[in-house]
Every structure is written in C-alpha cells, then in structure tokens.
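Enquirer: Please find the sequence and the predicted model below.
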Amino acid sequence: FSSGKGGVGKTTLVVNLAIALAQELKEPIALLDLFIGDTLAMVNATARMTLSEIPEAVRELDLDLLRSYAVRHESGVHFYTWFFSPERNLPEYIDFERLKAVLKVLREGYRFILVDTPMTLYVPDLELVTLMDEVFIVAVPWDLLSLRATKALALGMQRYRVTPKLLFNRVQAETDITPEFIANQLGLEIWDMVPNDSRSVVGSVNLGTPVLLLKPESEVAHALRRIARRLAGLPVEEEHRRRRFLFF
C-alpha cells in the first residue's frame, strides 16, 4: 500500500484491512511497516525490537528469528516494523536486498503480508514496490494535492513496469464530480472505495482501537471487510456492493 501524499489514511486502511483479513480467514496476517511504526500506534502498542536491528552479520534469516521481532496483536495480526518511532531514531534508506530476504522468509509463514510503505515519490522508495505481488495506491478523490501526487506516483511506477490498483479513501456520498471521472483523469481504474466517516475513524485512531473493532457495524467497517474478502479472493455479498457510497 502506497501513497504520494501523507494524510490520505493509508496506514489506517492497512491496519484495519489486516485485522479484517485475520477475521475472515481465521489465520495470522503479517503487517510489515516500512516507516516509523505508525501501524503499531494504531493499536496502542510499541515494538520491543525492529527489523533494522537484526545484525548485519546474520545473513541467513529464518522464520523463527523474524517472528521473535513481531508484535502479536489479539486480532491475529503480527506487526513487523522496520524502524523505531521518531523519538528513538530517524528512518534511513531501506536495504533493498535485506527487504527482499525478509519478504522471502515471511512468505513461508503467512499467506498474506500487507506492507505499509513510506510516502513514495522518490526512486529508492519506488524500487521497493517491485518486490510486491500487488500494489495499491491510496488517494482521496476530493483532495487535489492527493490526486496530483497520485498521478506522479503512478507514472513513476510505470518506470518499473508496475501497474497499481487505485483505492479511494474518504469518499463523499454526494459530489459534483464522481470518483469514476477523477480516476479516468488519472488514467487508473478504481479497484474499490471506502466511505468518508472522519468522526468514527479519527476517534478510533485517538483511542488506539481500529475502527473495525471499535465500530464493527459502521459503513467504513463494512467496506473494509468487503475489501478484505476481495483481497483474499472470497465471495462478496451483493448487498454490500450496493451501498450508497459505492459505485460497483
């Protein structure tokens, strides 16, 4: 999951989607945070160790070693963070080969690994997406700056022959310009959309309890569960696809 601009709700979506996948599949889901551990802040937790602390001398990684670095949440999500919070250290460039090795090992233990990338507009960061099976760009359809950054990001990914899927977040129920029109201007197809409910989402972030757990019957929670089922290749109930915020 990537974005060209901060504040679009990417990290919030990733955490909630990981929880939704764990609920739907009844199995652990790995969430790899490549930034400063904001995913853990979403569940009011902190990392005891981060992947950047694995000694360079350890060249052969294995699943037991990596799992000792995980924060296992009661929801079934195993959180892996690359860096500590900004109070502890500043993030550096991610070692591409090291990340490739970590992902290879994690694939042995998890069917699904959700990766929260840093805000991505620079070549070293763009290269990271080539390691992923699927790439999603999170954008807000009514935020002009978000859309400009999304366009630039999609063009940058084309250099690496990566075709991203567009995930619109905070979609308004009624707008003069439809999300489909905006997506057409971006040259991307909408993969799915999440309705705008800033009160519920902001409240959940401040409490350190993901909205999927805090308000499981909200429109946002329904959308997240639908998206999780699509990610997992599970059937999606037609009634969920006809909600007033969605256009599929």
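Expert: Ah, there it is.

Enquirer: Bridge partners for the nearest residue to Ala70 once chain neighbours are set aside, pull those for me.
Expert: Excluding the flanking residues, the one nearest Ala70 by CB to CB, 6 or more residues apart in numbering is His78, at 4.3 Å. From N, CA and C alone the C-beta is placed, and that goes for glycine too. Beta-bridge partners for His78, by DSSP bridges, are Ala30, Arg72.

Enquirer: burial count for His78?
Expert: Around His78 sit 23 other residues, with neighbours defined as other CB atoms under 10 Å.

Enquirer: ok, it - contacts?
Expert: Shown in contact with His78 (CB atoms under 8 Å, 6 or more residues apart in numbering): 28-31, 67, 70-72, 110.

Enquirer: residue farthest from the centroid of this protein?
Expert: Ala57 (30.4 Å; CA atoms, centre = their mean).

Enquirer: Helix, strand, or coil at it?
Expert: coil (DSSP: H, G, I helix; E, B strand; the rest coil).

Enquirer: Tyr80 - that's part of a strand, no?
Expert: Yes. The assignment for Tyr80 is a strand, going by three-state DSSP.

Enquirer: pLDDT below threshold where in the chain?
Expert: 85-91, 121, 238-248 (pLDDT under 70).

Enquirer: can you give me the strands for it?
Expert: Residue ranges of the strands in the chain, as given by DSSP state E, are 29-33, 71-72, 77-81, 113-116, 136-139, 165-171, 190-195.

Enquirer: Dump those strands to TSV, plus distance to Gly208.
Expert: Conversion of those to TSV gives the following (distance: least, CB to CB, whole Å):
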stretch	distance to Gly208
strand 29-33	15
strand 71-72	13
strand 77-81	13
strand 113-116	17
strand 136-139	21
strand 165-171	20
strand 190-195	20
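
Enquirer: between those strands, which gets nearest to Ala232?
Expert: Closest approach to Ala232 among those (CB to CB): strand 29-33, 9.8 Å.

Enquirer: got a list of contacts for that closest one?
Expert: With CB under 8 Å, 6+ apart, strand 29-33 has contacts from 14-15, 18-19, 21-22, 39-40, 70, 76-82, 102-103, 106, 109-110, 112-116.

Enquirer: Now for the contacts of His78: which two are most distant?
Expert: The largest separation in the contacts of His78, counting by CB to CB, is between Val71 and Tyr110 at 14.6 Å.

Enquirer: quick one on the thing from earlier: roughly how far does the residue farthest from the centre of the chain sit from Tyr69?
Expert: In this view, Ala57 and Tyr69 are 16 Å apart by CB to CB, to the nearest Å.

Enquirer: So which residues of the chain form helices?
Expert: Along the chain, the segments classed as helices by DSSP state H run 10-25, 38-41, 63-67, 96-109, 123-126, 144-158, 179-186, 198-207, 211-214, 219-232, 238-241.
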